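In: kindly return the folded structure for what I paste below:
(one chain, ligands or ions: 1)
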Amino acid sequence: MISVVSTYWEVELERVAGNSSGVVIVADSKLPRSYSKCVIDICQKLTNVSLIEIEGGEKSKTLITVNNIYDFLDVSGTDRKSVLVCLGGGTITDLGGYVASTYKRGISLVLIPTTVLGMVDAAIGGKTGVNRLVKGSGGVMKNQIGTFYQSSLTVLDQTWLSSLPPDEIRSGWAEMAKHALLVGGAHLNEFMKVSSNLGGIGKFLKESAEIKEKIVSRDEKENGERASLNLGHTIGHALESLSLDNESNESHTKHGEAVAWGLVFALESSVFKLGFNRDLASKLQEWIVTGIEKQIELNSSVEVWSKMCGDKKNVNGNVRDVLLRAPGDIIWDFEWKWEEFTILWEQFREKYT
Ligand SMILES: NC(=O)c1ccc[n+]([C@@H]2O[C@H](COP(=O)([O-])OP(=O)(O)OC[C@H]3O[C@@H](n4cnc5c(N)ncnc54)[C@H](O)[C@@H]3O)[C@@H](O)[C@H]2O)c1
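Out: Below you'll find the model as predicted:
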């Protein structure tokens, strides 16, 4: 049962805390202190509260951090009636969600996303997970360990976004653009008119989260339609993972930036493989490139393919992807052949590098 609340969420949080034997808050250490204080103040009138701070970001999304949080839960006296509250972006909600779903076979979970990406995507739909460093030459593989686990409450409140840097807002905008491509029609037309800053996208946050909620409610465990939410992600995860492999790269590619470039390639592929209208694809590609405002490294087809081969969506060793016949008309089980992928990708790199 999905419970996403955007107004009077404090009352809902009080209800959840009041019915628990204690609240543990996992908060991003980079957030203003007033954010965790706000959550502590609401909960501690009703129960014991402990706080653990984790640095938000992809590098914390590991089994080592999971274990550190388990240790903290032990010393905080967490039991099966406790609630774990995640306060942060998608990395904190994915990580904390995984902890909540596995500690003592599962404790209650509340998600309070503080990024655009978290609000419209990561905190909706019950996927949790951490990345895995694969032995040998596999490198970092995104979200290879994870569970499906619904929160008892997810809070959507734009107030948390006031401290979010513009590049993080644009990163979340990319997932909103993906949702717009998945539904097409009036939503896409209206969303294309606004700029990729908070002033532009603010009024679309709830609608965008609802697009995901609706798809998830029809296919929670990704047996079919939910895979459409991976539009732009086969390439996106490959580029993001390659950037994470490069240890000297402190400011690695953000998830949304990689997804944005994945969307641009998905449109290109959709023209060649499914007859998507060329003029419309070019217009949409220009919109996405302008909106994300950042050129990222587009690695060689050999490097990208090696990551694509390890993607979770693959079936029987075939590399799966999501393409479109038109906005809103989705093929979620497209299979790539190496020969055609390498030609298309190398042409794409030449065009956009
Ligand atoms: N579970 C899912 O269904 C799902 C869907 C999409 C993405 N994801 C995951 O989400 C992650 C990306 O999420 P993200 O973009 O939110 O990244 P993030 O959690 O790394 O946050 C981005 C950056 O913003 C900082 N930050 C967060 N909130 C802030 C605020 N209010 N003010 C100032 N700084 C703030 C963080 O410390 C971090 O440096 C990826 O790991 C991706 O795999 C999961």
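In: touching, Asp157 and Tyr8? I think so.
Out: No: contact criterion C-beta atoms under 8 Å: Asp157 and Tyr8 do not qualify, at 10.3 Å. For glycine as for every other residue, the C-beta is placed from the backbone atoms N, C-alpha and C.
In: of the two, which one has the most company?
Out: Counting neighbours by other C-beta atoms under 10 Å for Asp157 and for Tyr8 shows that Asp157 has the greater number, 16 against 8.
In: list the contacts for the more buried one?
Out: 6, 9, 112 (C-beta atoms under 8 Å, 6 or more residues apart in numbering).
In: pLDDT wise, what is the second one at?
Out: At Trp9 the predicted local confidence, pLDDT, stands at 94.
In: what's the burial count for it?
Out: There are 18 residues near Trp9, going by other C-beta under 10 Å.
In: equivalent analysis for the one 3 residues further on, please.
Out: The criterion is other C-beta under 10 Å. On that basis, Glu12 has 17 neighbouring residues.
In: hang on, it is in a helix, isn't it?
Out: Yes: Glu12: assigned to a helix according to DSSP: H, G, I helix; E, B strand; the rest coil.
In: measure it to Val83 for me?
Out: To Val83, Glu12 is 12 Å away according to C-beta to C-beta, to the nearest Å.
In: quick one: residues contacting Cys43.
Out: Cys43 touches 13-14, 17, 23, 25, 49, 85, counting by C-beta under 8 Å, 6+ apart.
In: quick one: buried ones out of those?
Out: Using 16 or more other C-beta atoms under 10 Å as the burial test, the contacts of Cys43 include 13, 17, 23, 25, 49, 85 as buried.
In: the third one against Cys86, yeah?
Out: No: taking C-beta under 8 Å as the definition, Val23 is not a contact partner of Cys86, at 11.5 Å.
In: what's around Ile112, how many residues?
Out: Neighbours of Ile112 under the rule other C-beta under 10 Å: 28.
In: phi, psi of it?
Out: phi -120, psi 90 (degrees, to the nearest 10).
In: the ligand contacts on the stretch 151-300 of the chain?
Out: Within the stretch 151-300 of the chain, the positions near the ligand by C-beta under 6 Å from any ligand atom are 160-161, 163-164, 168, 171, 255-256.
In: switch to 8 Å and redo it
Out: 160-165, 168, 171-172, 175, 229, 237, 240, 254-256 (C-beta under 8 Å from any ligand atom).
In: what pLDDT does Ser137 get?
Out: On pLDDT, Ser137 comes in at 65.
In: swap in Glu250?
Out: For Glu250, the pLDDT comes out at 66.
In: could you do the one 3 residues further on as well?
Out: Per-residue confidence for Thr253 comes out at a pLDDT of 94.
In: so who does it touch?
Out: When contacts are counted by C-beta under 8 Å, 6+ apart, Thr253 is found next to 239-240, 243, 296-297.
In: tabulate these (CSV), appending secondary structure.
Out: Formatted as CSV, those follow (three-state DSSP):
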residue, secondary structure
Leu239, helix
Glu240, helix
Ser243, helix
Ile296, coil
Glu297, coil
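In: considering the residues you listed, which possesses the most neighbours?
Out: Of all the contacts of Thr253, Glu240 has the most neighbours under the rule other C-beta under 10 Å, reaching 27 neighbours.
In: what's the first helix or strand after the top strand by length along the chain?
Out: Determined from DSSP state E, the single longest strand within the chain is strand 139-148. Per DSSP states H and E, the first helix or strand lying C-terminal to strand 139-148 is strand 153-155.
In: could you say what helices and strands that following strand packs with?
Out: strand 4-5, helix 9-18, strand 108-113 (3 or more C-beta pairs under 8 Å, 6 or more residues apart in numbering; DSSP states H and E).
In: which parts of the stretch 1-150 of the chain sit against the ligand?
Out: 28-32, 35, 55-58, 61, 88-94, 97, 113-118, 121-129, 131, 142-143, 146.
In: in strands, which of these appear?
Out: Under the assignment DSSP E, these contribute 28, 88, 113, 127-129, 131, 142-143, 146 to strands.
In: now do the contacts for whatever residue of the stretch 251-353 of the chain ends up closest to the ligand.
Out: Of all residues in the stretch 251-353 of the chain, the one sitting closest to the ligand is His255 (4.1 Å; C-beta to the nearest ligand atom). Neighbouring residues of His255 by C-beta under 8 Å, 6+ apart: 58, 90, 117, 171, 236, 240.
In: how about low-confidence regions in the stretch 101-250 of the chain?
Out: Scanning the stretch 101-250 of the chain for pLDDT under 70 picks out 137, 247-250.
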